[in-house]
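Engineer: the sequence isn't on hand, but the structure is:
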């Protein structure tokens, strides 16, 4: 007669779902959405035939196709920041870039009139966007929420 040993083996599967929650994500998303819409409307109106020839006004800001492209690309970066787990750092970097761009255009509007279409108002618009993004990145806390799920599967293995 053979002795059989019974061993119970339990396997545990642990999954961690980590989410970053911050009101700054909403601000970054709103900034991104606004820029994509403004740039998209400008591009729809002037087309892409010549990036600097035609100008249109969107929400009181003059735009060439080049400025429309800049708006769309910047907006996509802000939307990416909104979806990112590192929203705070990304939003600070994007906001500083917007402030720099806005300051240059606001200080020297004539240098960009023909290529971007907008003057001082466009620079002030980007200064405001940058300031709002920067303030929200600094002011709003970032909360990391971990949701842990553990699954315990039992199996019996018979060995000799």
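Structural biologist: Okay, I see it. On a predicted model such as this, the values are computed, not experimentally measured, just so you know. Numbering: from 1, shown residues only.
Engineer: what's the neighbour count on residue 116?
Structural biologist: Residue 116: 23 surrounding residues under other Cβ atoms under 10 Å. All C-beta spots, glycine's among them, are computed from the backbone N, C-alpha and C.
Engineer: please tell me how far it sits from residue 108.
Structural biologist: Residue 116 is 11 Å from residue 108, where distance means Cβ to Cβ, to the nearest Å.
Engineer: what residues does the longest helix seen in the chain touch?
Structural biologist: Using DSSP state H, we find that the single longest helix of the chain is helix 23-46. Residues from elsewhere that reach helix 23-46, judged by Cβ atoms under 8 Å, 6 or more residues apart in numbering: 54-56, 58-59, 61, 63-65, 67-83, 87-88, 90-91, 94, 129, 132-133, 136-137, 140, 142.
Engineer: continuing past that helix, what's the next helix or strand?
Structural biologist: Following helix 23-46 in sequence order, the next helix or strand is strand 56-58 (DSSP states H and E).
Engineer: enumerate the positions of that following strand that are buried.
Structural biologist: Within strand 56-58, the residues that qualify as buried are 56, 58, counting by 16 or more other Cβ atoms under 10 Å.
Engineer: that strand packs against which elements?
Structural biologist: Under the contact definition 3 or more Cβ pairs under 8 Å, 6 or more residues apart in numbering; DSSP states H and E, strand 56-58 sits against helix 23-46, strand 61-63.
Engineer: out of the ones you listed, deepest packed?
Structural biologist: Stretch with highest mean neighbour count among the helices and strands packed on strand 56-58: strand 61-63 (a mean of 21; mean count of other Cβ atoms under 10 Å).
Engineer: sheet partners, orientation included, of it?
Structural biologist: According to DSSP bridges, strand 61-63 forms sheet pairs with strand 56-58 (antiparallel).
Engineer: any idea how far the partner strand is from the chain center?
Structural biologist: Chain-centre distance of strand 56-58: 25 Å, with Cα atoms, centre = their mean, to the nearest Å.
Engineer: hmm, back to that, show me which of the contacts of helix 23-46 are buried.
Structural biologist: Among those, those scoring as buried are 55-56, 58, 61, 63-65, 67-72, 74-75, 77-79, 81-82, 87-88, 90-91, 94, 129, 132-133, 136-137, 140, 142 (criterion: 16+ other Cβ under 10 Å).
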